[in-house]
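> need a structure here:
(chains A and B)
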Amino acid sequence: MTAPRFLPAGEHAVLAEFGSLDDVAGRRAALVTRPIPGVTEIVSGARTLLLRFDAQMTDAAIVARTLAALPAVTPRAAESAIVEVPVVYDGADLEAVGALTGLGADGVVREHTERVWTSAFCGFAPGFSYLSSDRPALDIPRRATRRLVVPAGAVALAGEFSAIYPRRSPGGWQLIGRTETPMWDPTRTPAALLPPGARVRFVAVTA
Amino acid sequence: MTALVVEGVGWQALVEDTGRLGFADMGLGSAGFADRGSAELANRLVANPPGTAVIEVLFGGLAVRAEGAATVAVTGALCPLLLRRAGGAIRRPAMYEVVALSDGDRLELGSPTAGLRSYLAVRGGVAVEAVLGSRSRDTLAELGPEPLVPGSVLPVGANARGWPVVDAVPWPAWTAGGDTVLDAVLGPRDDWFEPASLAWLGSGAFEVSSEADRVGVRLVSERPLVRRLTHELPSEGAELGSIQVPPDGHPILFLADHPVTGGYPIAAVLTMTAVDRAAQLVPGQTVRFRLGPARARG
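Numbering: from 1, shown residues only, chains lettered A, B, ... in the order given. Below you'll find the model as predicted:
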């Protein structure tokens, strides 16, 4: 792991930038076991961790120094049980993604179900997890035009990521299937089904 | 039980408290008071502990009736206040004044003459049900107490520390109007912009557009900011007060309900005081930025 680069982010936060998604996951795992005093919240990104802190307890330089000195934890050590998500693969863009990748619709389903995905970070909406996989990325371009309405539970691909739309919203990702599994439920703990670090496998089911 | 019954709502009225910490990594921001300083001052006036839930009123227009006796104060954007006593008498209380309501009294907020958001605190707090540990409405996530409508009943809690110790406080200087200067700290992505554009961000005039809500305030200026690095930025966490620059080069100031992550570079981040001021910006107003480097503690 290379040393992170630290960028200022206001009076109460510092942004740590890493070389890869795996480096981000490793440092986040380390922070779970060795929290930094005064750090109140961590926001994962694709190549970054934003660390918010209580400015009366610490400052950006101390937070950066402490994070850089944390022993790296391989994400493997923080591995959790794999969540299985049943998916009906009948998405509106499945054929198109099959053609784009040369895999065909069946090939896309096989690639999607045979790999283990890991939640890298969340955003866009509560419980919207950007899932990356351990295998070469499918690397799917976004749709040329964004859909005004994507239904809740839509299973989608874009770039190196897969995701499940937690609720009805606009969206530009390619839709390959749907699931009944709720991604976000404020009455559940944790409210998000797949917070960063969670692992997931998709299982093809029939409608 | 004491309650405030909403009888009129203008543009928007929401319940907000100090916010919802700890869910950002799941994609849920903190929400909470848009102008923290004004909201906390209202809480202090009625002897509530910091962070207690209040009503955040967008551009006046709120009317509430007291069921039982209640002590209230209104801070933030300067609205004319009208108090209709249950017996028919009319009084005009001041902003930033402690007002005692008797059963049946009605308090009305007119349109503000300065600022955008007013805060009505009631001694004991607005005791609606909390969601994920907070009584804040998050307009982006559509989570937390529903926006207020005529007929909404807001129970008054018991979250008070003694009694008010002052009758009123002076209006803060910003309510006098004039040019708004917002302090901001450069970074994290200031190096993604042409030096001339960064210089313009620190010196030029920016007009507040009509796209201004709790998520963010879109500014426009005669010179859109130009990027030096044009490749795509991988999504990263965004801080409250971020000055984010989308591809059109017109900056957006992130307020309380801002998205937790974003893929456009952030040139600078407002100080906490500047965030409060940004929450009071009115469309059409001009703002300037005073950019400084990140500084160490002390």
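> how many other residues sit next to the nearest residue to B:Asp213 once chain neighbours are set aside?
Nearest non-adjacent residue to B:Asp213, counting by CB to CB, 6 or more residues apart in numbering or on different chains: B:Thr139, 6.8 Å away. C-beta here means a position set from N, CA and C on the backbone, and glycine is covered the same way. For B:Thr139, the neighbour count with other CB atoms under 10 Å in any protein chain shown is 18.
> Any stretches of chain B with poor pLDDT?
Filtered on pLDDT under 70, chain B yields the residue ranges B:295-298.
> Then chain A?
For chain A, the stretches flagged by pLDDT under 70 are A:1, A:75-79.
> circling back to that earlier point, thought B:Leu14 was touching the residue nearest to B:Asp213, still the case?
Yes - contact status for B:Thr139 versus B:Leu14: in contact at 7.5 Å, counting by CB atoms under 8 Å.
> overlap in contacts of these two?
Common contacts of B:Thr139 and B:Leu14, defined by CB atoms under 8 Å, 6 or more residues apart in numbering or on different chains, comprise B:Arg214.
> A:Glu111 in helix, strand or coil?
With DSSP: H, G, I helix; E, B strand; the rest coil as the basis, A:Glu111 sits in helix.
> Can you name the residues that contact it?
When the contact criterion is CB under 8 Å, 6+ apart, the partners of A:Glu111 are A:Thr101, A:Leu103, A:Arg135, A:Leu138.
> I'd like those as CSV, with secondary structure, distance to chain B and neighbour count appended.
Putting these into CSV (DSSP: H, G, I helix; E, B strand; the rest coil; distance: CB to the nearest CB, whole Å; neighbours: other CB atoms under 10 Å in any protein chain shown) gives the following:
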residue, secondary structure, distance to chain B, neighbour count
A:Thr101, helix, 21, 15
A:Leu103, coil, 25, 16
A:Arg135, coil, 20, 11
A:Leu138, coil, 17, 21
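> Would you mind checking which of these is nearest to B:Val98?
Nearest to B:Val98 among the contacts of A:Glu111: A:Leu138, at 62.1 Å, using CB to CB.
> Does the closest one touch A:Thr101 like I think?
Yes - using CB under 8 Å, A:Leu138 is in contact with A:Thr101, at 6.3 Å.
> residues bridging contact with these two, i.e. touching both?
Counting by CB under 8 Å, 6+ apart, the common neighbours of A:Leu138 and A:Thr101 are A:Val108, A:Glu111.
> Point me to the helix or strand that includes B:Ala199.
helix B:195-201 (DSSP states H and E).
> hey, where'd the helices end up in chain B?
Using DSSP state H, the helices found in chain B span residues B:36-45, B:195-201, B:272-278.
> Which strands or helices does the second one pack on?
Identification of packing neighbours for helix B:195-201 by 3 or more CB pairs under 8 Å, 6 or more residues apart in numbering or on different chains; DSSP states H and E yields strand B:266-270, strand B:286-292.
> which residue packs closest to B:Gly51, ignoring adjacent ones?
Distance criterion CB to CB, 6+ apart; nearest residue to B:Gly51, sequence neighbours excluded, is B:Thr18 at 3.3 Å.
> ok, now which ones touch that neighbour?
Shown in contact with B:Thr18 (CB under 8 Å, 6+ apart): B:Gly32, B:Phe33, B:Arg36, B:Pro50, B:Gly51, B:Ser134, B:Ser136.
> Which residues are in contact with the residue lying closest to the fourth one once chain neighbours are set aside?
Nearest residue to B:Pro50, sequence neighbours excluded (CB to CB, 6+ apart): B:Glu40, at 5.5 Å. By CB under 8 Å, 6+ apart, the contact set of B:Glu40 is B:Phe33, B:Pro50, B:Gly51.
> where's B:Glu40 relative to B:Gly124, distance?
To B:Gly124, B:Glu40 is 16 Å away according to CB to CB, to the nearest Å.
> go on, A:Ser20?
Distance, A:Ser20 to B:Gly124, by CB to CB: 51 Å.
> And B:Ala39, by the same measure?
Relative to B:Gly124, and taking CB to CB, B:Ala39 is found at 16 Å.
> swap in B:Leu4?
11 Å.
> try B:Thr180
From B:Thr180 to B:Gly124 the distance is 34 Å (CB to CB).
> Disregarding residues adjacent in the polypeptide, which is nearest to B:Ala121?
B:Ala42 (3.6 Å).
> my guess is B:Tyr96 contacts B:Trp171, does it?
Yes - B:Tyr96 lies in contact with B:Trp171 (CB under 8 Å); the separation is 5.7 Å.
> out of A:Ser20 and B:Gly124, which sits in the more crowded spot?
A count of neighbours by other CB under 10 Å puts B:Gly124 above the other of A:Ser20 and B:Gly124, at 19 against 12.
> my read: that one touches B:Pro155, true?
No - assessed by CB under 8 Å, B:Gly124 is found out of contact with B:Pro155, at 9.2 Å.
> Quick check: neighbours shared by the two?
Counting by CB under 8 Å, 6+ apart, the shared contacts of B:Gly124 and B:Pro155 are B:Thr2.
> give the contact list for residue 156.
In the absence of a named chain, chain A is used. Per CB under 8 Å, 6+ apart, neighbours of A:Ala156: A:Gly91, A:Val150, A:Ser162, A:Ala163, A:Ile164, A:Tyr165, A:Gly171, A:Trp173, A:Gln174, A:Leu175, A:Ile176.
> sorry, should have said chain B
Going by CB under 8 Å, 6+ apart, B:Val156 touches B:Met1, B:Thr2, B:Ala3, B:Leu4, B:Gly68, B:Ala70, B:Val122, B:Arg123, B:Gly124, B:Gly125, B:Val126, B:Ala127.
> who in chain B is up against chain A?
B:21-28, B:131-132, B:141, B:143, B:185-189, B:234-242, B:259-262, B:266, B:269-272, B:293-294, B:296-297 (CB under 8 Å from any CB of the partner chain).
> among the residues you listed, which are in strands?
Of the positions in the residues of chain B next to chain A, B:Val185, B:Leu186, B:Glu236, B:Gly237, B:Ser242, B:Thr261, B:Gly262, B:Ile266, B:Val269, B:Leu270 sit in strands, assigned by DSSP state E.
> ok, back up a step: and the gap between the residue nearest to B:Asp213 and B:Pro147?
From B:Thr139 to B:Pro147 the distance is 8 Å (CB to CB).
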